[in-house]
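Participant: when you get a sec, could you give me coordinates for this:
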Amino acid sequence: MKPHGIMFHHFHGAGHPQAQGTVSADDLNRVLDHYGDRILSAEDFYDSAIKGNLLPSHTCLTFDDRLQSQWDVAFPVLNARRLTSFWFVYTGLPVWEEVFWQFRAWYGDGKINPNPSERFYEDFDNWIVQPWKEGNVSNCVRMPEDYLDHEHYPFYTLYDRRFRYLRDVILTPLEYMHRMLDLILRKANHICLNHWIGRLELSALASLGHIVGSHTVSHSTDMTKMDGTDQLEEWLDTDDDTDLKAVSYPYGRGNSDTLAPKTRLAFRSCMAGYDGAHPLNMPREDVANILREVTK
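Facilitator: Next up is the predicted model:
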């Protein structure tokens with residue numbers, strides 16, 4: 001056991017459909033009951049982290065991407081329990097990766113799919129489904145066997161892993177965006193741009209003692225590919241809308257030495273490789289892994 005955050009993204013319920021990776025209010029309650037008083041308030045976790053006083057059992061709640069489903073489904077649960085948490089928001093709306101996530105979920109028949117369909121993966125690039133076929137991104141593409149390995153990311157299928165390897169490693173951000181927008185123009189049945197928490201809700205969260213921290217401007221798929229100046233600007237340009245004392249790295253990637261000067265706590269997106277002793281490399285456990293244990 002080591003101190004860590006619990007990482008949440010999408011929720012279903014309250015008009016938000018169930019799809020890959022979404023959790024419900026009941027799921028959230030199960031996690032809260034499981035952890036009990038090991039969950040610290042946002043301010044208590046922050047203070048303990050920067051003072052080096054966290055215990056191995058300590059944890060906190062974190063919500064990435066300023067998603068409307070978090071406000072509609074998760075916030076009422078937290079408010080009823082008088083719990084505060086970290087809300088890590090990007091500011092350069094719309095962030096296209098969130099639009100693309102929704103597109104993958106609805107792909108093909110205009111109905112929500114619990115998991116992205118094989119049709120999406122093959123249309124994006126047939127290497128994902130049939131790596132021996134010609135006509136893909138590169139006949140030389142080989143995904144390392146330990147990339148997003150099952151031990152640490154059991155919720156990803158092989159197709160999910162191959163897609164993310166192309167998106168995050170092989171393609172440039174511009175190449176990826178062109179490919180996704182091409183599919184959207186040809187295939188889209190359901191796309192919307194109104195699923196982010198607004199400034200009014202973020203202000204309410206801060207007033208209630210939650211910490212609204214930065215998740216950068218653009219949510220780059222891999223900040224380590226940027227130079228140090230560009231990484232720093234990604235943080236500093238969110239200063240008017242977030243509290244830069246606490247942040248989370250997009251996809252867990254970024255250099256701790258290019259954070260804003262006022263940042264004292266920064267969360268990664270996995271547990272492996274981080275011991276919880278360094279506040280600028282604080283590990284997190286994905287709620288999907290926790291629910292696998294809680295529901296056994």
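Participant: please save the CA atoms from stretch 141-148 in CSV.
Facilitator: Extracted C-alpha coordinates of stretch 141-148, given in CSV (Å, rounded to 0.1, in the frame of the first residue of the first chain):
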residue,chain,number,x,y,z
VAL,A,141,4.5,-1.2,-36.8
ARG,A,142,5.2,-3.4,-33.8
MET,A,143,3.7,-2.7,-30.5
PRO,A,144,5.9,-3.7,-27.5
GLU,A,145,4.3,-6.5,-25.6
ASP,A,146,4.4,-4.6,-22.4
TYR,A,147,2.7,-1.5,-23.8
LEU,A,148,-0.3,-0.8,-21.5
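Participant: in that stretch, what's buried?
Facilitator: Residues of stretch 141-148 classed as buried under the neighbour-count rule (16 or more other C-beta atoms under 10 Å) are 141, 143, 148. Heads up, the C-betas are built off the backbone N, CA and C, glycines and all.
Participant: for stretch 76-85, same thing?
Facilitator: 77, 78, 83, 84, 85.
Participant: list the contacts of that stretch.
Facilitator: Residues outside stretch 76-85 that contact it (C-beta atoms under 8 Å, 6 or more residues apart in numbering): 25, 28-29, 32, 39, 41-43, 60-63, 208-211.
Participant: closest to residue 202 among those?
Facilitator: Of all those, residue 202 sits closest to residue 210, with 9.0 Å by C-beta to C-beta.
Participant: what's the farthest-apart pair in the buried residues of stretch 76-85?
Facilitator: That would be 77 and 84, which, of those, are the farthest apart (C-beta to C-beta) at 12.5 Å.
Participant: domains in this structure, by residue range?
Facilitator: The chain breaks down by automatic domain parsing into domains covering 4-91+196-294, 96-187.
Participant: mean neighbour count, those: which tops it?
Facilitator: Stretch with highest mean neighbour count among the domains of the chain: domain 4-91+196-294 (a mean of 19; mean count of other C-beta atoms under 10 Å).
Participant: quote the end-to-end distance of it.
Facilitator: Using C-alpha to C-alpha, to the nearest Å, the end-to-end distance of domain 4-91+196-294 comes out at 17 Å.
Participant: can the buried residues of stretch 76-85 go into CSV with extra columns for secondary structure and distance to residue 259?
Facilitator: Output for these, formatted as CSV (DSSP: H, G, I helix; E, B strand; the rest coil; distance: C-beta to C-beta, whole Å):
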residue, secondary structure, distance to residue 259
77, helix, 31
78, helix, 27
83, coil, 26
84, coil, 23
85, coil, 21
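Participant: same list, these, but as TSV with distance to residue 19 and pLDDT please.
Facilitator: What follows is the buried residues of stretch 76-85, written out as TSV (distance: C-beta to C-beta, whole Å; pLDDT from 0 to 100):
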residue	distance to residue 19	pLDDT
77	20	97
78	22	97
83	25	98
84	27	98
85	22	98
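Participant: is it true that residue 55 touches residue 1?
Facilitator: No: in this structure, residue 55 is not within contact of residue 1 by C-beta atoms under 8 Å, at 9.0 Å.
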